[in-house]
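Q: Next come a sequence and a model predicted from it.
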Amino acid sequence: MVKVRFAPSPTGYLHIGGARTALFNWLFARRQAGEFILRIEDTDQERSTKEYLEEILSSIEWLGLNWDGIFYQSERFGQYQQHAQKLIESGKAYRKEGAIFFKYEFEQIQINDLIRGRIVFKELPKEEEVIIKSDGSPTYNFSCVVDDALMAISHVMRGEDHISNTPKQILMYRALGFDIPQFAHFPLILSEGGGRLSKRFGATSIREYREEGYLAEAIVNYLLLLGWSPGNNREIVSLDEVKGMFDIKNVNKTAAIFSLDKLNWVNAEYIKSKHIEELADYTERYLKSKGLLPANFDRQYLRKVIGLFKERISKLADLLDWGQFCFYNTYRYNPDAEEVLKRDLSKEVKVLIEKFSAVENFNREIIEKEFRAVAETQGLKARDLVHPTRVALTGRKIGPGLFETMEVLGKKRVIERLQRLLEYWEGKNG
RNA sequence: GACCCCAUCGUCUAGUCUGGUUAGGACAUGGGCCUUUCGAGCCCAGUGCGCCGGUUCAAAUCCGGCUGGGGUCGCCA
């Protein structure tokens, strides 16, 4: 039976690379009706925290990956001690300086990696290795081997950075008389500079992306594209669909550079494809978590705002920026937008206000009709009135279509802001 | 330094196993269109098989070397 594990250490948040390792393991298990378990490698009591643990679990859950069991290494010290003892008894390990050391028996080791094929190690960099520290806790390679064996893990699939641990672990499996599982090593995810994904190059934890308003499906989809391809020139694929087509043999060997541009594009695609209702739930939670939703917010209004922006944002955080004018009065115009207000159109805007005031059903079609009529009777090209009006309503030169924007804002706000524009011109001239 | 992994547009990749393609797609970039603006949409374009040698009628594809990039060498995981 196929049984795989994801083994995070709660000494930090779940990062991009870990998330993909979890994802590929999950996919591998689900594809073959196997088991996917979590093993929390919390042997380092100093650095492991409950906060990190909770964050990691909630991130995995948020990504949509469910697990069939969870184990904590901190609760299994007895097992490690016991197996170390066995090694001592068989003469393969010994006590020294308060710790227990394992003696590597030099020989050429071969592994048959599911992704890379045969890998041959001519020698090991050292002759012995601590397996139980002097404080009684196990070291990584040892607890990993004992647990993978005891938990009957059939396939050990992890990042490429573990390739060099593999021969050491194989020697331990043999010494303990355990069956050796299959191995697969995924390519690393690098930062734009080509090196390790680090804070300097932007967000590295799943949590940060979640907080910026990326959708879980989009992150999963993007991660999938790093090292694996659905083929047929497809880019957007759901986890559910991939479950039926994922094959570990098609995973790349090459390290991939993480591209925020592409993630943004994928996320934008997901935002576009979502129904307003679903996005509204998501956005409401998102804005609330940011403490940025006005107390008196109107859900119906929020829906309209989302409708206005869903085709043009790449992440929910963009709503805070571009959509600010929907939630707050914009009586201060962007400096670069003021050039549009150079020409004083007070007379024309007054007429516009007058016409709008008389409109009963303030919807897109009627607004546009009235607006164009005013421009024409006042001898203006539509665009000459459009630009200043947009600045008056949004504070900016660019944004969604003006007439839709007006409908969303509603008659009251539109008229208030147009009056504010009149005051602006008055202030300039007086 | 030792051991190991990797190598197709700037980036992610299809193609490599089973040699024969105008080397395909996407992001980004540039240009154009639309038009009420745009960072939205639509259209078009450019750029790539790291290098050298071998095998072969034929090499991105098979073999060797080189170069380049990456990883690991903790009583961290």
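A: Perfect, I can see it now.

Q: Not counting sequence-adjacent ones, nearest residue to residue A:305?
A: The shortest distance from residue A:305 to any non-neighbouring residue, by Cβ to Cβ, 6 or more residues apart in numbering, is to residue A:326 (4.5 Å). Where you see a C-beta, it was placed from the backbone N, CA and C, and this is true even at glycine.

Q: show me what contacts that neighbour?
A: Residue A:326 makes contact with A:301, A:305, A:308, A:408, A:409 under the criterion Cβ atoms under 8 Å, 6 or more residues apart in numbering.

Q: Give me the subset of those lying in helices.
A: A:301, A:305, A:308, A:408, A:409 (DSSP state H).

Q: Let me see the contact set for the third one.
A: The one in question is residue A:308. A:323, A:326, A:400, A:404, A:405, A:408.

Q: from the residues you listed, which would you call buried?
A: Neighbour counting over the contacts of residue A:308 (16 or more other Cβ atoms under 10 Å) leaves A:323, A:326, A:400, A:404, A:405, A:408 as the buried ones.

Q: Can you classify the third one as helix, strand or coil?
A: So that's residue A:400. Three-state assignment for residue A:400 (DSSP: H, G, I helix; E, B strand; the rest coil): coil.

Q: That one reaches residue A:313, doesn't it?
A: No. Between residue A:400 and residue A:313 there is no contact under Cβ atoms under 8 Å: 10.2 Å.

Q: at contact distance from RNA strand B, anything in stretch A:208-215?
A: No. Counting by Cβ under 7 Å from any atom of the strand, RNA strand B has no neighbours in stretch A:208-215; the shortest distance is 14.5 Å.

Q: Please point out which parts of that stretch sit buried.
A: In stretch A:208-215, counting by 16+ other Cβ under 10 Å, buried: A:209, A:210, A:212, A:213, A:214, A:215.

Q: Centre of the chain to that stretch, how far?
A: Remark: stretch A:208-215 is offset 6 Å from the chain centroid, using Cα atoms, centre = their mean, to the nearest Å.

Q: give me the number of residues near residue A:123?
A: Residues near residue A:123, counting by other Cβ atoms under 10 Å, number 11.

Q: That one contacts residue A:104, doesn't it?
A: No. Between residue A:123 and residue A:104 there is no contact under Cβ under 8 Å: 9.9 Å.

Q: list the contacts for the closest residue to residue A:152 other than its chain neighbours?
A: Closest residue to residue A:152 apart from its sequence neighbours, by Cβ to Cβ, 6+ apart: residue A:3 at 5.8 Å. Residue A:3 makes contacts with A:29, A:34, A:35, A:37, A:151, A:152, A:153, A:154, A:155, as judged by Cβ under 8 Å, 6+ apart.

Q: Distance of the second one relative to RNA strand B?
A: Distance of residue A:34 to RNA strand B, computed by Cβ to the nearest atom of the strand, to the nearest Å: 23 Å.

Q: do you know how far that residue is from residue A:154?
A: As defined by Cβ to Cβ, to the nearest Å, residue A:34 lies at a distance of 7 Å from residue A:154.

Q: What of the third one?
A: To residue A:154, residue A:35 is 9 Å away according to Cβ to Cβ.

Q: shared neighbours of these two, anything?
A: Common neighbours of residue A:35 and residue A:154 (Cβ under 8 Å, 6+ apart) are A:1, A:2, A:3, A:4.

Q: Of those residues - the most surrounded one?
A: That'd be residue A:4 among the shared contacts of residue A:35 and residue A:154, by other Cβ under 10 Å, with 27 neighbours.

Q: quick one, phi/psi of it?
A: The phi/psi pair for residue A:4 (degrees, to the nearest 10) reads phi -130, psi 170.

Q: ranges for the strands of the stretch 101-250 of chain A?
A: In the stretch 101-250 of chain A, the strands defined using DSSP state E, counting those that start in this stretch lie at A:109-113, A:117-121, A:128-132, A:155-159, A:182-186, A:189-190.

Q: Quick one, which of those gets closest to residue A:374.
A: Closest of the strands of the stretch 101-250 of chain A to residue A:374 is strand A:189-190, at 55.3 Å (criterion: Cβ to Cβ).

Q: just for chain A, where's the confidence low?
A: A:198-201, A:430 (pLDDT under 70).

Q: which residues of the stretch 1-150 of chain A fall in helices?
A: Using DSSP state H, counting those that start in this stretch, the helices found in the stretch 1-150 of chain A span residues A:16-31, A:50-62, A:77-89, A:140-150.
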